[in-house]
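Predicted model follows, preceded by the sequence.
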Amino acid sequence: MNRAVFALLSLWVAAWGCAGSVDHDGELARRAGEEFAAAVFVERDFDKGYSLLADGARRYVTREKFREVISRLHPGSFPGSVVATDYEPMHGEKALYLYLIGEAPEEKFYYRLVMEGSAGGTYRPVAVYRSDGPYPPSPDRKKLPARSQAHP
């Protein structure tokens, strides 16, 4: 019995290790993520932000629920600018994490967007997270080149 379990586990590990790799384009993801973040967090144009979500996200979240969730993430204020700083590919998936920082006079905003897509295609947000502080480092995270100015 143990040999059968070990054999199945070995096959699973081998298959997982051979899973196709997906190429990602951090700059393409940055542009899409910053466009979304500027619309939703800076301009508070929830309709535009909702239209930028991936199709799968819009199937599960109504426009009203989206507005409610974004508002709950910002009980005090919203940022005046936002910039993407890093991205982290999800190995074997057509998705990545995009890390952004927003700024307001009295507050910093730390966001993580799950972006669906891959190099040569388009990226669209699937999920939005906000943290009270910087997200922990990861060995798979890649720094995006600094921009001269945050996305207003």
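Ah, there it is. Numbering: from 1, shown residues only.

Does Lys108 belong to a helix, a strand or coil?
Under the three-state scheme (DSSP: H, G, I helix; E, B strand; the rest coil), Lys108 adopts strand.

burial measure for it, as a count.
12 (other CB atoms under 10 Å). (Each C-beta comes from the backbone N, C-alpha and C, glycine too.)

And the contacts of stretch 128-142?
Stretch 128-142 is contacted by residues 26, 40, 69-70, 73-74, 86-89, 91, 97, 99, 109-114 when judged by CB atoms under 8 Å, 6 or more residues apart in numbering.

Please check those residues and keep the buried ones.
26, 40, 70, 74, 86-89, 97, 99, 109-114 (16 or more other CB atoms under 10 Å).

for the residue nearest in space to the middle of the chain, helix, strand, or coil?
Closest to where the C-alpha atoms of the chain average out (CA atoms, centre = their mean) is Leu113, at 2.1 Å. Here Leu113 is strand, with the state taken from three-state DSSP.

Let me see the confidence value for it.
At Leu113 the predicted local confidence, pLDDT, stands at 98.

Surely it touches Tyr97?
Yes. Between Leu113 and Tyr97 there is a contact at 7.2 Å, judged by CB atoms under 8 Å.

got a list of what the closest residue to Ala127 other than its chain neighbours touches?
Spatial nearest neighbour of Ala127, excluding adjacent residues (CB to CB, 6 or more residues apart in numbering): Val114 at 4.1 Å. By CB under 8 Å, 6+ apart, Val114 lies in contact with 95-98, 125-129.

What remains of those if I keep only buried residues?
By 16+ other CB under 10 Å, the contacts of Val114 give 95-98, 125-126, 128 as buried.

returning to what we had before: who's in contact with the residue nearest to the centre of the chain?
Taking CB under 8 Å, 6+ apart, one finds 33, 36-37, 97-98, 100, 125, 127-129 in contact with Leu113.

can we see that at 10 Å?
29, 32-34, 36-37, 84, 87, 96-100, 123-129 (CB atoms under 10 Å, 6 or more residues apart in numbering).

Can you list which of these are found in strands?
84, 87, 96-100, 124-129 (DSSP state E).

Quickly check those for the two that are furthest apart.
Maximum pairwise distance in those, criterion CB to CB, is 16.9 Å, between Tyr99 and Arg124.
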